[in-house]
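Chemist: dropping the sequence and predicted coords here.
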Amino acid sequence: MPTRCLLPLLAIFQLFPALAYAVPGDILWLSDVPPIRAETANAGKKTAHSRQGAVETNSGSSLGSSTKHLWLRRGDDLANAHYVAAAAAPTADLVDAKGNRSRVAEQPLNDLAHMKFTFEHLGFHNVYLSRRSIRDNVMCVQLAKAELLKGTCCKKLGDVDPAQMKAIRDPTQPLEIVREHEPDEKLFTRIVSGDKVVFTIYRSGKRAAGIPVTLLTQNGWQKKAVSNGQGQVEFTMIRDYFPAWSEFRRLTKHSFVVVAEAETSEAGMNGGQPFGRTVYQATLSGRYAVSPHDYRSYAWGLGITLFVVSFGGLAIYLYRRRRLKPFKEVRFHEST
Amino acid sequence: MNRLERLKAAFDLIDWNRFRFWFQAASFVLLVYGGRLGIEFGKSLPTFACIYNTEARGGACYLSILQYQLSWPWPKLFSAAALTILTGFAAFVAWFLVLNKFWCGMICPLGTLQDWVTALRRRLGIRYGRYTLGQFRFLARIKYLLLALMLLIPLGVGAGWFHKDLTQPFCMICPARMIIPAFDLNFTQWTVDFSTPAKLALTSLGIVILGLFFVGAFVKRRFFCFFCPMSAFLYLLSKPALLKLKKDGDKCTRCGDCYRVCDLEIKEIADEIETPAIMTDDCTLCLKCVAACPEEGALKATFAGVTFFESTEVGFCKRMKA
């Protein structure tokens, strides 16, 4: 977390103790960026961009692939967050649009916690992973979630079952963040800088008001909000990609993580250890891309069109006028 | 006279221009708004039903898919995945073999638009321009150059020689990319893309060609068709097509009516009297020449060897009166 964020945060935590859990550095989240790519990006050699975004066209390195890979990461510095070692990662739940639930076992890759998902049907799928630990008599339940899409740009909206396009939620989750889908969201819709994204917070399947929610972005920006009466918070995805033109990559995607925390007085025992209260920390991770408005210009497009039409039209008019021969009467006399 | 012959005799008297206008309008609606009506003809159409018209299109132009597939990395291109290309090409050829370049003259949305611009010019009383024979010969070659570039550049992308932004070079400069989605109020393609030098060059060129398309279509009939690589591609495949234009040179009086009404200014239609298969590479099979011919049976359109529309004296006179 950047140092400049710490002082205001500490002041907030003093005033509102409930928010003290809002952005702990120990957040657990799911990432679709392979470790090697993240390292390359952090080394500044090349900006990381992947076709495997959480909301993106076909996943994987090859077109038409229906597999997704997720790694478990820890930390609120999204660019440098550690990849969790394989031994610490439990299995994950996969829920599809029809509510079918399956358990996906971890498949360690280079000793890192890694999961591979294969999808048959187009549409969204949610991955849930939870981890429990007791610290200072407090049970901390960390719930990492990722929304995956088996997408395509080749199908029209009408050709896809609308149920496959809806945001999925799991009422069995004690705390869940759900990204509300846009009415016109398609199977290749991306979240881009400048988009207003609405998240709804659910506690055991019911909308939860007054929950502190924080949005973290890869470049270290944070935005806090509290869920309203409908359990919703709205964030505008920040525009934070300003490279030199020669280094600009329009397919660049950065990670974001939404964190919500709720505390309860639930007490009990876990693995022989007692705890006096419970803190739930839910994360929802995703990717956001560069907005087309950052590199496409209507003004230039329309300007050039108008120039060509005006200049071309004028040129043809002048050309035709120049070729007009004025009427000239020629008389011939029979005797000549 | 059997029923089929009576039907053909009636068709020979048809007001071809009016029939063609409504046929083109119906085709335009199907291809540009078909998606809104739940119609989908697939992605192998031999006409400019632009794929950038995402939700509204009733089908998609095959050139877009072909360029994309040719840009696959070579190991994939020369593997079993190439079967996908072959099946797409087979569907494209199947569509084409039935109607030949009738797709250009009667169905192509971009061709229809040019005809509408021409109609507007005529109403405004502005005269149209003609090419000299030298200009015509020169311009007629451009479409083959564009076709070659359209096929070679994506192959170069697959080989890693060119930037990936050159995957669909022709789509980037095709005016249909901007014009057709605009009919569904989608103007996202009317932009210049500054993200990479390749995109900047292609989108700028595309915008310039869009401007030239409007100016050109206003003074020349079917201005863009001279440069259309689809037209060149289709002509290369046109020999076995079922729909054909034929001429009986013995009945031709070389009055030149067919040449005067030809949007593409094909002189051979009037001059050629030896070869019955009169269709040249620029011909769009609009059949306006057949309708304008006053000689009985001099020009005819056949489908699988059966004549369905031919020039007749009565038909010519009736059309003149109309």
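Modeler: Nice, thanks for sending it over.
Chemist: show me what residue of the stretch 101-250 of chain A gets nearest to chain B.
Modeler: residue A:250 (4.0 Å; Cβ to the nearest Cβ). (C-beta placed from N, C-alpha, C; glycine too.)
Chemist: which residues of the stretch 201-336 of chain A fall in strands?
Modeler: Along the stretch 201-336 of chain A, the segments classed as strands by DSSP state E, counting those that start in this stretch run A:206-207, A:212-217, A:222-226, A:232-236, A:253-264, A:268-270, A:273-275, A:277-289, A:296-297.
Chemist: who are the packing partners of the fifth one?
Modeler: Read that as strand A:253-264. strand A:176-179, strand A:196-203, strand A:212-217, strand A:277-289 (3 or more Cβ pairs under 8 Å, 6 or more residues apart in numbering or on different chains; DSSP states H and E).
Chemist: again with the longest one
Modeler: Under the contact definition 3+ Cβ pairs under 8 Å, 6+ apart, strand A:277-289 sits against strand A:28-31, strand A:138-150, strand A:176-179, strand A:253-264.
Chemist: let me know the angle separating it from strand A:253-264.
Modeler: 160 degrees (axes from the mean of the first three to the mean of the last three Cα atoms, to 10 degrees).
Chemist: flag every buried residue along strand A:277-289.
Modeler: Judged by neighbour count using 16 or more other Cβ atoms under 10 Å in any protein chain shown, the buried positions of strand A:277-289 are A:278, A:279, A:280, A:281, A:282, A:283, A:284, A:285, A:286, A:287, A:288, A:289.
Chemist: how close does the third one sit to residue A:204?
Modeler: Residue A:280 sits 10 Å away from residue A:204, going by Cβ to Cβ, to the nearest Å.
Chemist: overlap of the contact sets of those two?
Modeler: Residues touching both residue A:280 and residue A:204 (Cβ atoms under 8 Å, 6 or more residues apart in numbering or on different chains): residue A:174.
Chemist: close to chain B: what parts of chain A are there?
Modeler: Proximity of chain A to chain B (Cβ under 8 Å from any Cβ of the partner chain) is limited to residues A:154, A:156-159, A:245, A:248-250, A:292, A:295-298, A:300-302, A:304-309, A:312-313, A:316.
Chemist: what subset of the residues you listed is buried?
Modeler: A:154, A:156, A:248-250, A:292, A:295-297, A:300-301, A:304-305, A:308-309, A:312, A:316.
Chemist: among these, which are in helices?
Modeler: Judged by DSSP state H, helices contain the following of these: A:300, A:301, A:304, A:305, A:308, A:309, A:312, A:316.
Chemist: ok, of those, which one's closest to chain B?
Modeler: Ranked by distance to chain B (Cβ to the nearest Cβ), those are led by residue A:308 at 2.6 Å.
Chemist: count of neighbours near residue B:267?
Modeler: Counted with other Cβ atoms under 10 Å in any protein chain shown, the neighbours of residue B:267 add up to 14.
Chemist: should've said residue B:277
Modeler: Residue B:277 is flanked by 12 other residues according to other Cβ under 10 Å.
Chemist: what does residue B:156 give?
Modeler: Neighbourhood size, residue B:156 [other Cβ under 10 Å]: 16.
Chemist: try residue B:272
Modeler: By the criterion of other Cβ under 10 Å, residue B:272 has 16 neighbours.
Chemist: pretty sure it is touching residue B:247, no?
Modeler: Yes: counting by Cβ atoms under 8 Å, residue B:247 is a contact partner of residue B:272 at 6.7 Å.
Chemist: how about the residues of chain B by chain A?
Modeler: Residues of chain B lying close to chain A by Cβ under 8 Å from any Cβ are B:35, B:38, B:40, B:43, B:54-55, B:129, B:187-188, B:190-196, B:203-204, B:207-208, B:210-212, B:214-216, B:218-219.
Chemist: let's see which of those end up in helices.
Modeler: B:203, B:204, B:207, B:208, B:210, B:211, B:212, B:214, B:215, B:216, B:218, B:219.
Chemist: compare those and tell me which is most surrounded.
Modeler: Most surrounded of these: other Cβ under 10 Å gives residue B:203, at 27 neighbours.
Chemist: quick one: contacts for that one?
Modeler: The neighbours of residue B:203, taking Cβ under 8 Å, 6+ apart as the test, are A:301, B:172, B:191, B:192, B:193.
Chemist: spit out the contact partners of the residue nearest to the fourth one when sequence neighbours are not counted.
Modeler: Ranked by Cβ to Cβ, 6 or more residues apart in numbering or on different chains and with sequence neighbours excluded, the top spatial neighbour of residue B:192 is residue A:300, at 4.0 Å. Shown here is residue A:300, whose contacts under the criterion Cβ under 8 Å, 6+ apart are B:191, B:192, B:204, B:207.
Chemist: distance-wise, check residue A:300 relative to residue A:212.
Modeler: For residue A:300, the distance to residue A:212 (Cβ to Cβ) stands at 44 Å.
Chemist: any idea how far residue A:195 is from the residue nearest to the residue of the stretch 101-250 of chain A closest to chain B when sequence neighbours are not counted?
Modeler: Distances taken as Cβ to Cβ, 6+ apart put residue B:195 closest to residue A:250, at 4.0 Å, once the chain neighbours are dropped. Distance, residue B:195 to residue A:195, by Cβ to Cβ: 19 Å.
Chemist: how about residue A:123?
Modeler: For residue A:123, the distance to residue A:195 equals 20 Å [Cβ to Cβ].
Chemist: neighbour count for those two, which is higher?
Modeler: A side-by-side neighbour count of residue A:123 and residue A:195, using other Cβ under 10 Å, places residue A:123 first with 21 against 15.
Chemist: how about the residue of the stretch 101-250 of chain B found nearest chain A, what does it touch?
Modeler: Nearest residue of the stretch 101-250 of chain B to chain A, counting by Cβ to the nearest Cβ: residue B:211, 2.6 Å away. Each residue near residue B:211 by Cβ under 8 Å, 6+ apart is listed here: A:304, A:305, A:306, A:307, A:308, A:309, A:312.
Chemist: OK, contacts around the residue lying closest to it once chain neighbours are set aside?
Modeler: Spatial nearest neighbour of residue B:211, chain neighbours left out: residue A:308 (2.6 Å); criterion: Cβ to Cβ, 6+ apart. Residue A:308 makes contacts with B:207, B:208, B:210, B:211, B:212, B:215, as judged by Cβ under 8 Å, 6+ apart.
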